[in-house]
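Novice: structure, please.
(one chain, ligands or ions: 1)
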Amino acid sequence: SAPSKPMPKQTIRDLDLAGKRVFVRVDFNVPLEEKDGQMVITDATRVQETLPTIKYLIEKGAKIILASHLGRPKGQRDPKQSLAPVAPALSALIGQPVDFASDCIGEEAKAKALALPNGGVLLLENTRFHAGEEKNDATLAKGMADLAEIFVNDAFGSAHRAHSSTAGIADYLPAVSGLLMEKELTWLHDELEKPERPFVVILGGAKVSDKIGVINRLLEKADTIIIGGGMAYTFRKLVQGISIGKSLYKPEWEPIAQAALDKAKERGVKILIPVDAMITDAFDFDAKKFGNIKFTGAGESIPDGWEGVDIGPESVKLFSEEISKAKTVIWNGPMGVFEIKEASKGTFDIAEAMAANSGAKNIIGGGDSVKAVKKAKLGDKMTFISTGGGASLELLEGKVLPGVACLKEK
Ligand code: AMP
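Specialist: I've put the predicted structure just below:
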């Protein structure tokens, strides 16, 4: 197999933090809604995910300076994308005051940072109110670094971006990972380097081109790769020689898929693809509506004018059996158009199959699979659920994430 790339990064556990000002990049990119002229947080999951790191830092007597982006203000101050509502929400969660500074750099932030008692918490305003943030501007990075003595990156979901607050700041401060970041790297990287076998990878989603990087990377590690979702039709056309009607497909996906199939054969990796499908003759995603719906039999072609929108029961059976024998499972991407109820069964059945295999390490690798698992209320049956989207995919592709590369090696 390919040489394994260990990624042991220092964490907050490796440093003496008492009395130190620590700049912590978190992901507080929470959904906000205007209510009676005020912005309120509609889902605080992302704040909750950072609590282990924040509580650890409080316990160690660090002076905690929190920074995050929120939304896409494009370098402008926008009151509707202010992080201010997060301060009272966080305060309620940790049971102590959280101060707020109206800018992530400058005099006010510096004064408030210097005034922090040991274990005190300060939240800075949206880093993206500065146009320099997304350009990884060095002056902005230096301005943020000036507030602190140590940089902690706990914003895994932003780690694939080289921004001033996710990577640039590490040029000026010793940089280590937070506990959420550490967990993400453990489950989406370290554990997959030497997985307990059999190791089954389940990939779904719309496009072959979006997932081929992950397929190619995990072909070096997996025993089986299960392919569902829109991208499966290209594989079905190639392997089963069926016609696929108007299912998701692009001619340029064929050679990519064929190369993956060849590589799998060479390496002795089993590729499992769907054998049946739920199909429809009309599909309006925005209205969340289908026309007529029916199932193909196993191995049958999809008629002209019809498209596959979910895997069928035979595929669920085939996939579930393989999942039940696994010791490690990682899943990224839905089996069908799971946002529409009629086509969500295949996706939920796969979540159930993972949950039923309680002896396995069950990893949910980010994005839509996370939504599906939460909707199915199966979250507590999984070993790890990633908080990332793009960052998870890039890590699974074996790419170096700038927000990780900048952290000190162990
Ligand atoms: P991705 O972001 O690449 O994981 O793709 C997720 C999207 O793929 C979801 O919005 C699904 O609705 C969509 N999807 C999954 N299966 C199909 C399918 N058979 N036809 C069209 N879209 C699909």
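Novice: ok, Ala260 - contacts?
Specialist: 212, 215-216, 219, 271 (CB atoms under 8 Å, 6 or more residues apart in numbering). All C-beta atoms are positioned from the backbone trio N, CA, C, and that covers glycine.
Novice: counting only strands, which of those make the cut?
Specialist: Judged by DSSP state E, the subset of those located in strands is Ile271.
Novice: ranking by neighbours, what's the top pick from the contacts of Ala260?
Specialist: Highest neighbour count within those: Ile215, with 27 neighbours (other CB atoms under 10 Å).
Novice: mind checking the longest helix of the protein?
Specialist: Longest helix in the chain by number of residues (criterion: DSSP state H): helix 253-267.
Novice: interface residues of the protein facing the ligand?
Specialist: By CB under 6 Å from any ligand atom, the residues of the chain that approach the ligand are 205-207, 210, 229-230, 248, 308-309, 333-334, 336-337, 339, 367-368.
Novice: hmm, try it at 5 Å
Specialist: Contacts of the chain with the ligand, taken as CB under 5 Å from any ligand atom, map to 205-206, 210, 229-230, 248, 309, 333, 336-337, 368.
Novice: which of these count as buried?
Specialist: Listed as buried from the residues of the chain next to the ligand are 205, 229-230, 248, 309, 333, 336-337, 368; burial here means 16 or more other CB atoms under 10 Å.
Novice: so can I have a markdown table of these showing secondary structure and pLDDT?
Specialist: Formatted as a markdown table, these follow (DSSP: H, G, I helix; E, B strand; the rest coil; pLDDT from 0 to 100):
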| residue | secondary structure | pLDDT |
| --- | --- | --- |
| Gly205 | coil | 91 |
| Gly229 | coil | 97 |
| Gly230 | coil | 96 |
| Leu248 | coil | 97 |
| Val309 | strand | 98 |
| Gly333 | coil | 96 |
| Gly336 | coil | 97 |
| Val337 | coil | 97 |
| Asp368 | helix | 92 |
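Novice: just these now: which is nearest Ile12?
Specialist: Asp368 (30.8 Å; CB to CB).
Novice: might one say that that closest one is in contact with Leu203?
Specialist: No: taking CB atoms under 8 Å as the definition, Asp368 is not a contact partner of Leu203, at 11.6 Å.
Novice: identify the contacts common to the two.
Specialist: Common neighbours of Asp368 and Leu203 are listed as Gly333 (criterion: CB under 8 Å, 6+ apart).
Novice: with distance to Lys265 added, can I get the residues of the chain next to the ligand in TSV?
Specialist: Shown next, in TSV, are the residues of the chain next to the ligand (distance: CB to CB, whole Å):
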residue	distance to Lys265
Gly205	23
Ala206	25
Asp210	23
Gly229	22
Gly230	24
Leu248	24
Val309	29
Gly333	23
Gly336	27
Val337	30
Asp368	29
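Novice: which two among those residues are spaced furthest apart?
Specialist: Among the residues of the chain next to the ligand, the pair separated by the greatest distance (CB to CB) is Asp210 and Val309, at 17.8 Å.
Novice: touching, Ile150 and Arg21? I think so.
Specialist: Yes: look at Ile150 against Arg21 with CB under 8 Å: they come within range, at 7.4 Å.
Novice: the more surrounded of those two?
Specialist: Remark: of Ile150 and Arg21, Ile150 carries more neighbours, 22 against 19, as counted by other CB under 10 Å.
Novice: now do that one against the ligand, distance only.
Specialist: Look at Ile150 and the ligand: by CB to the nearest ligand atom, to the nearest Å, they are 36 Å apart.
Novice: cool, and Gly403?
Specialist: 21 Å.
Novice: what is the rounded mean pLDDT of stretch 270-278?
Specialist: The pLDDT scores in stretch 270-278 average 98.
Novice: can I get the CA coordinates of that stretch in PDB?
Specialist: C-alpha atoms of stretch 270-278 as PDB (Å, rounded to 0.1, in the frame of the first residue of the first chain):
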ATOM      1  CA  LYS A 270     -14.100  -4.800  -4.300                       C
ATOM      2  CA  ILE A 271     -16.300  -2.200  -5.900                       C
ATOM      3  CA  LEU A 272     -20.000  -2.600  -5.100                       C
ATOM      4  CA  ILE A 273     -22.500  -0.600  -7.200                       C
ATOM      5  CA  PRO A 274     -26.300  -0.600  -7.100                       C
ATOM      6  CA  VAL A 275     -28.200  -3.300  -9.000                       C
ATOM      7  CA  ASP A 276     -31.600  -1.600  -8.900                       C
ATOM      8  CA  ALA A 277     -33.100   1.900  -8.700                       C
ATOM      9  CA  MET A 278     -36.000   4.000  -7.800                       C
END
